[in-house]
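S.K.: Mind looking at a prediction? Sequence and model below.
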Amino acid sequence: GGAVQYEGLLRKKKEEHGMFEDPYKMVCVCRLQENVLRVRLTHNGELVGIEEKYDLAEWHVMMRLDKPDRFSLMKGAVPASDNSNVVSFRSDKKSEAAEWMEALQAAEEEVGGGEAPPGKKAPSRAAAAPAKGVLKPGAAAPPAAGVGIVFKEGHSDEGPCLMVKSLAPGGAAESSGQIDVGDVLCKVDGKDVKTTARASELILGPRGSPITLTLRRFDHDEEQYQRFTVAMLRGITATLGK
């Protein structure tokens with residue numbers, strides 16, 4: 001076979017799992033080779049079953065903004081009602097999940113994964129400027145970067161909302177010094193956001209590109225919510241030289 005682009009252990013999500021069963025207990029030996037992710041299940045350390053293959057010309061990589069140690073692959077443009085065209089993986093190390101994502105996205109770009117299926121909007125990372133700095137149709141962007149915020153869906157006086165659950169140490173949001181856990185996200189670059197899916201769609205983009213978040217926080221002195229806006233660069237800490 002061709003050169004191995006990345007390999008390691010991942011946990012594959014079992015879609016049909018019992019109520020008290022860990023859906024991610026299946027450890028797989030995974031190898032990305034010639035832009036195909038090859039997955040073999042293990043049982044007690046032995047390889048079992050047949051090798052599953054996910055060709056990145058057909059399967060698209062999806063990041064999880066809320067859970068950086070996980071990612072999914074989806075075949076086609078929309079998830080099927082039974083999730084039969086989505087496979088999810090978890091890495092025991094977040095850093096390794098990021099490396100998998102980078103390798104998978106590079107492979108997807110190589111096979112032309114930056115082009116959207118007909119009639120579908122291109123994923124935001126593909127719509128962004130390509131790595132070479134020259135815009136060409138269907139060109140894919142460098143691996144997407146965020147601002148280091150984990151959100152959770154909640155409810156506020158205005159209905160469903162997204163709240164800051166945690167900040168990644170050293171991430172753009174934490175480095176800005178302006179965002180706290182519990183803040184409510186209102187807009188990303190002027191667009192309303194109410195769900196984690198929408199947030200990841202808008203927040204993820206080329207590393208170093210500018211992004212503006214509008215948040216609100218309850219001001220106890222004023223006894224009302226105050227809105228504020230924070231401008232950052234994706235994936236880049238606000239203060240350099242630390």
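M.R.: Here it is on my side, so go on.
S.K.: in the one helix or strand E7 maps to, what's buried?
M.R.: Element membership of E7, judged by DSSP states H and E, is strand 4-12. When burial is assessed from 16 or more other CB atoms under 10 Å, strand 4-12 yields the following buried residues: Q5, Y6, G8, L10, R11, K12. For glycine as for every other residue, the C-beta is placed from the backbone atoms N, C-alpha and C.
S.K.: Please apply the same query to stretch 28-37.
M.R.: Of the residues in stretch 28-37, those buried under the neighbour-count criterion (16+ other CB under 10 Å) are C28, C30, R31, L32, Q33, N35, V36, L37.
S.K.: Stretch 217-231 too?
M.R.: Neighbour-count burial for stretch 217-231, with 16+ other CB under 10 Å as criterion, is recorded at R217, V230.
S.K.: okay, how far is it across it, tip to tip?
M.R.: Start-to-end span of stretch 217-231 (CA to CA, to the nearest Å) is 17 Å.
S.K.: chain center to that stretch: distance?
M.R.: Going by CA atoms, centre = their mean, to the nearest Å, the spacing between the C-alpha centre of stretch 217-231 and its chain's C-alpha centre is 28 Å.
S.K.: cool, stretch 155-163 as well?
M.R.: Per CA atoms, centre = their mean, the displacement of stretch 155-163 from the mean C-alpha position of its chain is 22 Å.
S.K.: Give the buried residues for it.
M.R.: C161, L162, M163.
S.K.: Mind telling me the two of the buried residues of strand 4-12 farthest from one another?
M.R.: The most widely separated members of these are Q5 and R11, with 20.0 Å between them, by CB to CB.
S.K.: Quick check, pLDDT for E15.
M.R.: For E15, the model assigns a pLDDT of 79.
S.K.: actually V86, sorry about that
M.R.: We have a pLDDT of 91 for V86.
S.K.: what is it paired to in the beta sheet?
M.R.: Beta bridges link V86 to M74 when assigned by DSSP bridges.
S.K.: what's it in contact with, if anything?
M.R.: Applying CB atoms under 8 Å, 6 or more residues apart in numbering, one finds that V86 lies in contact with S72, L73, M74, K75, P79, A80.
S.K.: quick one: least confident of these?
M.R.: Summarising pLDDT for the contacts of V86: the lowest-scoring member is P79, with 80.
S.K.: Show me the residue sitting in the middle of the chain in space.
M.R.: Centroid-nearest residue in the chain: M63, 2.2 Å away (criterion: CA atoms, centre = their mean).
S.K.: so what's that one up against?
M.R.: For M63, counting by CB under 8 Å, 6+ apart, the contacting residues are F71, M101, A144, S200, L204.
S.K.: pLDDT averaged over the helix or strand encompassing V150 - what is it?
M.R.: Mapping V150 onto the secondary structure by DSSP H and E places it in strand 149-156. The average pLDDT within strand 149-156 is 85.
S.K.: was I right about S156 contacting V184?
M.R.: Yes. The criterion here is CB atoms under 8 Å, and S156 meets it with V184 at 5.7 Å.
S.K.: so what sits against both of these two?
M.R.: With contacts taken as CB under 8 Å, 6+ apart, the residues that reach both S156 and V184 are M163.
S.K.: Does E58 touch A77 like I think?
M.R.: No. Checked against CB under 8 Å, the pair E58 and A77 is beyond contact range at 11.5 Å.
S.K.: what stretches of this protein score poorly on pLDDT?
M.R.: 1, 113-143, 237-242 (pLDDT under 70).
S.K.: elements contacting the lengthiest helix in the chain?
M.R.: Identified as the longest helix of the chain according to DSSP state H is helix 94-110. With contacts taken as 3 or more CB pairs under 8 Å, 6 or more residues apart in numbering; DSSP states H and E, helix 94-110 sits against strand 4-12, strand 26-33, strand 59-63, strand 70-75.
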